[in-house]
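**Student:** please find the sequence and the predicted model below.
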Amino acid sequence: VVVEAGAHIGEHAQIGSHCFIGANARIGAGTKLWNNVTIYHEVNIGAQCLIQANTVGGADGFGYANEQGQWVKIPQLGSVIIGDRVEIGASTTIDR
């Protein structure tokens with residue numbers, strides 16, 4: 001498990017093997033992350049959630065703009081906020 005600087009993990013949360021929790025992310029009290037869950041920087045997961053294996057929260061969405069014939073990636077500045085008591089199925093991706 002990797003937990004980056006500034007991340008907060010609430011009381012009684014359970015983090016499965018091979019998980020990644022990015023900088024300044026928040027995992028609520030009593031939330032369970034199964035194996036291989038990736039939570040990107042500044043994503044907020046509420047309390048009493050269940051995040052099934054291989055889920056990704058907060059990855060960049062598909063954002064490109066055409067500037068003078070060149071496709072340029074648009075910075076993904078948003079985040080992901082998941083409320084309390086939410087279950088997210090296995091291998092789900094929730095982009096910014």
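**Tutor:** Okay, I see it. Residues are numbered from 1 along each chain as shown.
**Student:** if I look at Ala25, how far off is Phe62?
**Tutor:** 22 Å (Cβ to Cβ, to the nearest Å). Where C-beta positions appear, they are placed from N, C-alpha and C, glycine not excepted.
**Student:** residues in contact with stretch 16-33?
**Tutor:** Outside stretch 16-33, the residues within contact range by Cβ atoms under 8 Å, 6 or more residues apart in numbering are 1-15, 34-51, 53, 55, 58, 84.
**Student:** quick one: which of these sit in strands?
**Tutor:** Judged by DSSP state E, those include 2-3, 8-9, 14-15, 38-39, 44-45, 50-51, 58 as members of strands.
**Student:** so which two of those residues are the farthest from each other?
**Tutor:** Val2 and Leu50 (20.8 Å; Cβ to Cβ).
**Student:** those two: which has the busier surroundings?
**Tutor:** Leu50 (15 against 10; other Cβ atoms under 10 Å).
**Student:** show me what contacts the more buried one?
**Tutor:** By Cβ under 8 Å, 6+ apart, the neighbours of Leu50 are 31-32, 34, 86-88.
**Student:** so how do I select the buried members of these in ChimeraX?
**Tutor:** Command for ChimeraX that selects the buried part of these, burial taken from 16 or more other Cβ atoms under 10 Å:
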select :31,32,34,88
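**Student:** quick revisit: of Ala25 and Phe62, who's got more company?
**Tutor:** Ala25 (24 against 8).
**Student:** and the more buried one, how far is that from Glu87?
**Tutor:** 19 Å.
**Student:** relative to Arg96, how far out is Ala65?
**Tutor:** 16 Å.
**Student:** does Gly57 touch Glu42 like I think?
**Tutor:** No: using Cβ atoms under 8 Å, Gly57 is not in contact with Glu42; the gap is 10.7 Å.
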